[in-house]
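>>> Generate coordinates for the sequence data below:
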Amino acid sequence: MRTSATGRYKRRAGGFTLLEILVALAIIGVLAGGVALALPDPADGQRRTAVRAWQAQAETAALRAAAEARPWAWEAGPEAARLLVDGGGRWRPAPDGAGQPRPLPPGLRIAGLEIDGQPRPPGSRIVFGGVPPLFVLDLAGDGGRWRIAGLPSGRVTLEEMR
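Here you go, the predicted model:
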């Protein structure tokens, strides 16, 4: 702004200077970056949902085996987990859609499986019926570790390992 002959400032025409616009954009950029870092990772939510579905499937096997007094099995493979029911000496997919495979999302893998104190390969069947099986299934992947465990009480727990 320039002064007039009378020593008063002249008002300039409306608008912002380039410097004011750049400062405003820098402030908006810093705020947007902070918000983006605070948002949860959508893939993390997908992994948590899949792990909960696996735990629920194992719990279903335990509950149905006790209620129906016949063996049910949970098979946790490297790609998916599924429920099986004993159908006259042959394992068949569980009825009512319960036997549909529950896939693991990308980035998750089976880190270990132990049934009744013995290490087992992924895809081994955990059979529920009579005495509840003691098992531990460790899942690991991008940014997380989870443990699904069968307890002596017959409950199936899920624990996120930090």
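
>>> I'd like the distance from the helix or strand encompassing Ala140 to the chain centre, please.
Per DSSP states H and E: Ala140 is located in strand 135-141. Distance of strand 135-141 from its chain centroid, counting by Cα atoms, centre = their mean, to the nearest Å, is 13 Å.

>>> So in that sheet, which strands flank it, and in what orientation?
Strand 135-141 has the following strand partners under DSSP bridges: strand 108-115 (antiparallel), strand 144-150 (antiparallel).

>>> could you dump these to TSV with mean pLDDT, distance to Ala56 and mean neighbour count?
In this view, the C-beta of every residue, glycine as well, is placed from N, C-alpha and C. Listed next are these as TSV, based on pLDDT from 0 to 100; distance: least, Cβ to Cβ, whole Å; neighbours: other Cβ atoms under 10 Å:
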stretch	mean pLDDT	distance to Ala56	mean neighbour count
strand 108-115	93	16	17
strand 144-150	93	10	20
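
>>> Export those strands as a markdown table, with columns for distance to Ala65.
Output for the strands paired with strand 135-141, formatted as a markdown table (distance: least, Cβ to Cβ, whole Å):
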| stretch | distance to Ala65 |
| --- | --- |
| strand 108-115 | 15 |
| strand 144-150 | 11 |
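
>>> List the buried residues of the biggest helix by length in the chain.
Secondary structure assigned by DSSP state H gives helix 42-68 as the longest helix of the chain. Buried residues in helix 42-68, counted by 16 or more other Cβ atoms under 10 Å: 47-48, 50-51, 54-55, 57-62, 64-65.
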